[in-house]
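S.K.: What would the 3D arrangement of this be:
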Amino acid sequence: MVRVDNTHAGEKNKSHARSLCFKSTEDYYPRAPVGLGECFFFETKSQSKFATQPLKPAASGVFLFLQSAKIMQERSILIYDTTLRDGTQGEGVSLSLQDKLNIAQRLAELGVDMIEGGYPLSNEKDAMFFQKARQLKLGSSLLAAFGMTRRRGMKSADDPGLAALIAAQTPVITIVGKSWDFHATEVLGVSLQENLDMIGETVEYLSRYAQIVYDAEHYFDGYRANPQYALSAVETAARAGAKWIVFCDTNGGSLPEQVSQVVKDSKIRLDPLGPRLGIHCHNDGDLATANSLSAIDAGCDQIQGTFNGIGERCGNADLVCVISNLQFKKQGYRMLRDGSLQHLTELSRYIYETANLVPRNSQPFVGRSAFAHKGGMHVHAVNKFAHTYEHMNPEHVGNERRILVSELSGRSNIAALTQKHGSDPDRLLLDRILESVVKKENQGYQYEAAEASFDLLVKQCSGTYRPHFETIKYQILAGDLDTSRNQQYAEAILKLKVGQSVCVEAAEGHGPVNAMDAALRKSLIRFFPSIESMQLVDYKVRVVNGEAGTAARIRVNIESADENHSWHTIGVSENIIEASWAALVDAVEYKLHRDNQRTEG
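M.R.: Here you go, the predicted structure:
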């Protein structure tokens, strides 16, 4: 039970009392209080739901949560990003030199403490990165070069890998070494003592040039196999001058309770030597975030990971999720700079775009669907109290709430969306819209990713839709070969009616859709000059009912944009040309309706 006494506070503090809650919800989600006079009592798990006796007011005073960040001293957590190296080991991930420089700059702007740029000996691009990166304005962010321990049988001063690390001239050098006895003897082919010598001599040599982060590879596997040897490996690095010892769950198969215990045991041995501790988790067991958080609670002060969790096999710990959980779910930790977390969604999507990867809509915190609501009962509740189906305010990470419309929707979904699009519908109109949506979805439409088509549907149901043109007919000729250019082309012939004018136009394109788009613009631009700024950004096709074979219904989604914003439309038909035409027509109509509203407004 938590009691907040407002006896002398007045209504202003009553409002504050209602919003006292755990850090994860802050003032966004007020706890439901049981009001008794001038006191508010917040129900907790210890309060029986079967209680029949009224709660009695407690004595005057204010009792806050014991875990309040205002009471606990916050511990600084260092964020170490390895997107530019570990991230590029993911399947289908490739970054150019300029891509890496751009991402490094964005990471620094977020306030990431250490940015690992790559292994300068591995390829020319990484070596060039460290030269170019010296010109970046990284602020307080430190650039790290990654490398390995010296080669067996070679002195550190003669090792070309270590020379490349020194030549990179970074303030931080990260060295990876073997902690698993099996790996040392069977993979490296060295004795256990020689492996320790390689670790110690490498760290000692490089510590003259930079701050050393020692990544203990396969640490948890090695600890389970031979804890004394794993501890000897990290103790050797610490004695040689490593400022950070990072425990790596390289195979990604550890459990949170295992990570926590190993970190605690290792911390006891390492604390007298002075290094700070870090954690580096892979996601093979889908536990990289949980394992990273467990390690932090057990005493680690650095988290290594990649943005969006990209990386080899199943990826690395997703820094988006780890940072967000630490900031909004746990108490007593601080990281990055104030206000930077509101840019997490922006940075996440920037990295997806730069790496030419498809964003994961279901990605926690920053995914497009992270705060999307589809069930009618859910939307009804969210419209009243957002925290009923949202664990935090999406704006805290730069995301937004989305209300989806589908055959599962109720009036609450429709009402929320129509209000967003500037309409104030009555109950009868909501029923008409919902009936139309259900009918359309039975045909294969999905309006979740076609908000512009949905806006036009609302206008049609409300009787406010006024088409700017009418399609009389169109004809497509495709597959002809232009021998002079040695390529195939398509031609579209359109007959449209605009007002009282009938126009016929033809245009060529690289395919049927491109040809139709060109002919449509050619026909309308004299009537509506603003469409010149409109462009087709994306075109996607999906089979709705694959069991029908070549007679299957096709769903076409089109993304269009002008100088102000972008929008999505949809078309469905057994004929891919007809489906594409429907989506194109909606795209142009939405543009023209929006322009009209802007002019009238």
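S.K.: doesn't residue 494 fall inside a strand?
M.R.: Yes: counting by DSSP: H, G, I helix; E, B strand; the rest coil, residue 494 is located in a strand.
S.K.: and it, bridged to which residues?
M.R.: Residue 494 has these beta-bridge partners by DSSP bridges: residue 474, residue 505.
S.K.: got the contact list for it?
M.R.: Residues in contact with residue 494 (C-beta atoms under 8 Å, 6 or more residues apart in numbering) are 471, 473-474, 504-506, 516, 519-520, 523. (C-beta placed from N, C-alpha, C; glycine too.)
S.K.: Quick one, grab the pLDDT at the spatially most central residue of the chain.
M.R.: Centroid-nearest residue in the chain: residue 366, 4.0 Å away (criterion: C-alpha atoms, centre = their mean). pLDDT for residue 366: 95.
S.K.: got it, and residue 553?
M.R.: Confidence at residue 553, expressed as pLDDT, is 86.
S.K.: Over to residue 544?
M.R.: You'll see residue 544 listed with a pLDDT of 80.
S.K.: ok, now residue 11?
M.R.: With respect to pLDDT, residue 11 has a value of 39.
S.K.: Kindly report the same for residue 437.
M.R.: pLDDT, read off for residue 437, is 81.
S.K.: so how far is residue 443 from it?
M.R.: Residue 437 sits 11 Å away from residue 443, going by C-beta to C-beta, to the nearest Å.
S.K.: Show me which of these two is the more surrounded one.
M.R.: The neighbour count for residue 437 versus residue 443, taken as other C-beta atoms under 10 Å, is higher for residue 437 (25 against 11).
S.K.: Hmm, residue 446 and the more buried one touching each other?
M.R.: No: between residue 437 and residue 446 there is no contact under C-beta atoms under 8 Å: 9.9 Å.
S.K.: Name the helix or strand for the residue nearest to the centre of the chain, please.
M.R.: Residue 366 belongs to no helix or strand when assigned by DSSP states H and E.
S.K.: Isn't it up against residue 351?
M.R.: No: look at residue 366 against residue 351 with C-beta under 8 Å: they stay out of range, at 10.5 Å.
S.K.: any chance you could read off phi and psi for residue 568?
M.R.: Dihedral pair for residue 568: phi -120, psi 140, per degrees, to the nearest 10.
S.K.: Pull the contacting residues for residue 83.
M.R.: By C-beta under 8 Å, 6+ apart, residue 83 lies in contact with 103, 107, 306-307, 310, 351.
S.K.: can you put those residues in TSV and add secondary structure and distance to residue 371?
M.R.: As requested, the contacts of residue 83 are exported to TSV (DSSP: H, G, I helix; E, B strand; the rest coil; distance: C-beta to C-beta, whole Å):
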residue	secondary structure	distance to residue 371
103	helix	25
107	helix	24
306	strand	23
307	helix	19
310	coil	22
351	helix	20
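S.K.: Grab the two from those residues that are most spread out in space.
M.R.: Maximum pairwise distance in the contacts of residue 83, criterion C-beta to C-beta, is 13.7 Å, between 107 and 310.
S.K.: Could you count how many residues lie near residue 463?
M.R.: 9.
S.K.: Where does residue 201 sit: helix, strand or coil?
M.R.: Taking three-state DSSP as the rule, one finds residue 201 in the helix state.
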